[in-house]
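Student: Predicted model, plus sequence, below.
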Amino acid sequence: MASGIEHDNVIKILTIPIGVLIALIFKAHIGFLFGTSFLLTGLWLSPDLDTISRPLKRWGILQVFWWPYRKMIPHRSFFSHGPLIGTSIRFLYITGIVSLLTILINKFTSINFSLDIKTVKSLINQYPKETIALLCGAEASAWTHMFQDMFPITK
């Protein structure tokens, strides 16, 4: 089992080579988006958000929003570390938190904050390749994490 430091190091080491490889295969901006997504989701939306971990601590005071997730998702379960399902659940969870906060902001303040499903769908339809790059970068970082857990690198 890899440690949190090892997970972070591998994500940081692989970000540029993977981003460049994707850029060479597709286009520069696709490689940039893939690499950026790989890095940020590897560090902040890791499968280890189901426990007190380095990624959880990076959220600072906002880590409180991950408390229900940690209570619902067993550590290293299929729902946190499973291919496709783990990343999907984390994205759905954070989408739910953002939606709830949007509702509360609009209800209790004079701020009119809007992030509706039509806007998101429009962006996805307008930028399908970029959306796929972002999602694939996120999933690739999760796979890297799972691979490290299965086959830890020993010194």
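Tutor: It's in. This one's a predicted model, so the numbers in the text were calculated from it and none came from an experiment.
Student: mind checking how far residue 125 is from residue 136?
Tutor: Distance of residue 125 to residue 136, computed by Cβ to Cβ, to the nearest Å: 18 Å. For the C-beta atoms, the positions are set from N, CA and C on the backbone; glycine is no exception.
Student: who's more crowded, the two?
Tutor: Legend: neighbour count by other Cβ atoms under 10 Å for residue 125 and residue 136, higher for residue 136 (16 against 9).
Student: so residue 73 sits right up against residue 89, yeah?
Tutor: Yes - here residue 73 reaches residue 89: they are 7.1 Å apart, a contact under Cβ atoms under 8 Å.
Student: Excluding covalently adjacent residues, which one is nearest to residue 90?
Tutor: Leaving aside its sequence neighbours, residue 90 sits nearest to residue 45 (Cβ to Cβ, 6 or more residues apart in numbering; 5.2 Å).
Student: brain fart, residue 97
Tutor: residue 65 (5.1 Å).
Student: can you count the residues close to the one you found?
Tutor: 16.
Student: hang on, isn't it packed against residue 98?
Tutor: No - the pair residue 65 / residue 98 is not scored as a contact, 9.6 Å apart, by Cβ under 8 Å.
Student: hmm, what's the outermost residue in this structure?
Tutor: residue 110 (31.0 Å; Cα atoms, centre = their mean).
Student: Assign a three-state SS to the residue nearest to residue 97, would you?
Tutor: Using DSSP: H, G, I helix; E, B strand; the rest coil, the structure places residue 65 in helix.
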